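1. Structure for the following, please:
(one chain, ligands or ions: 1)
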Amino acid sequence: MTVLRSVVVGTGSALPARCVTNDELTRTVDTSDEWIVQRTGIRQRYLADASETTSVLGTRAAQAALDAAGLTAADIDLLICATSTPDHTFPSTATQIQAALGMQGGVAFDLQAVCAGFVYAVTTADKFLSTGSAKRALVVGAETFSRILDWEDRTTCVLFGDGAGAIVLEARDGEGTTADRGVLSASLRSDGRHREKLYVDGGPGSTGTTGHLRMTGKEVFRFAVGSVTDVIADAFRVAGIVANDLDWFVPHQANRRIIEASADKLGIAREKVVLTVDRHGNTSAASIPLALDVACRDGRIRAGDLVMIEAIGGGFTWGAALIRW
Ligand code: ACO
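-> Sure, this is the predicted structure:
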């Protein structure tokens, strides 16, 4: 049976110019390289200056993905930007990226699911492409979390960084089998009862301010390792695939310990895990497309490979998608 599949035809990413190592952080934050590396695996992160807004980083990543695909903005009819740190309350960051790319048609909108935003955005784009509602989608994850960090709170400010990543998805005919290239299955979940464990203490409709990120790290850790299995099992079941079939596991890059504990629990060999948290820190919705771009450009992920992306974020929100590259 012929079906429409959402096939990845290009990836791109962008980082702020300024790289800040753990040692550099110790000049202003009461912490140490040893503590941060031991608990999280993070060695450095990139922090945006005032000119490097979320839409600026997102536009650079999107343009790089278009270039990699050999396409222009005129070829795109859907643009979704996953972000929790938009340039403005409105208009959406996606429409700012749309304008900056010179894309005059199609539809662009933001999607907010915090660190799970990119998995949500890929899943949403796949619904448009696989139903014939759009032909080519730019899916962007872009964040400037440094703007919402409390730099007096060492338990959170050492964990995050800024950046953006993007992929281009194109609707192509498939056979309806797991040998098809494209998104093979995706599964999303959310549970709003966990708000207090990870949230921002402000917003336009409450305090009228942007607010700062607040997190109970231990509880997030416990939930992150415990919860990923349901959506991953779902994504495997729908596609008729088992963990051993995976070529690459590209999880949200929050913390090396969460990633390794999750991979072990799922029976995924450590050498199949793409890890970039050491160099980028946690860039929320940008972390997966950043990691995908690194692994595509260094030649690890190739056409035909089976890739699992997975994330959990504030809400809680979580999800997983299986993609044949
Ligand atoms: N530098 C030095 N010491 C620190 C720092 C720091 N940056 N932060 C906390 N400490 C101290 C604490 O004060 C505490 O000291 P005490 O024992 O004297 O009171 C000690 O280190 C242990 O603190 P804990 O909070 O218990 O540390 P824990 O082992 O839980 O590690 C961490 C904290 C790394 C945040 C961990 O809980 C974790 O990885 N949680 C997952 C959260 C996460 O990664 N979230 C990312 C965002 S959510 C997402 O993306 C899904």
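
2. so which residue of the stretch 101-250 of the chain comes closest to the ligand?
-> At 2.8 Å from the ligand, Gly217 is the closest residue in the stretch 101-250 of the chain, using C-beta to the nearest ligand atom. To be clear about C-beta, it is placed using only N, CA and C from the backbone, and glycine gets the same treatment.

3. if I pick that residue, what's in contact with it?
-> Applying C-beta atoms under 8 Å, 6 or more residues apart in numbering to Gly217 gives the contacts Thr155, Thr156.

4. Relative to Val294, how far out is it?
-> Going from Gly217 to Val294 by C-beta to C-beta, to the nearest Å gives 26 Å.

5. cool, and Ala320?
-> Noted for Ala320: a distance of 20 Å to Val294, by C-beta to C-beta.

6. Which of these two has more residues huddled nearby?
-> Neighbours per residue, other C-beta atoms under 10 Å: of Ala320 and Val294, the larger number sits with Ala320, 28 against 20.

7. quick one: contacts for the more buried one?
-> Val119, Ala186, Ser187, Val228, Val231, Ile232, Asp234, Ala235, Met308, Ile309, Glu310, Ala311.

8. how deep is the closest residue to the fourth one other than its chain neighbours tucked in, by neighbour count?
-> If I follow you right, that is Val228. Of all residues not flanking Val228 in the chain, Ser262 sits nearest, at 5.1 Å (C-beta to C-beta, 6 or more residues apart in numbering). Ser262: 23 surrounding residues under other C-beta under 10 Å.

9. Ser187 too?
-> For Ser187, using other C-beta under 10 Å, the count is 21.

10. sorry, back to before: just checking: the least confident one among the contacts of Ala320 is which?
-> The lowest pLDDT within the contacts of Ala320 belongs to Val228, with 78.

11. Assumed that residue was part of a helix.
-> Yes: counting by DSSP: H, G, I helix; E, B strand; the rest coil, Val228 is located in a helix.

12. my guess is it contacts Ile312, does it?
-> Yes: between Val228 and Ile312 there is a contact under C-beta atoms under 8 Å: 6.4 Å.

13. between those two, what contacts are shared?
-> Jointly contacting Val228 and Ile312 under the rule C-beta under 8 Å, 6+ apart are Trp318.

14. Which of the two has more residues huddled nearby?
-> A side-by-side neighbour count of Val228 and Ile312, using other C-beta under 10 Å, places Ile312 first with 30 against 26.
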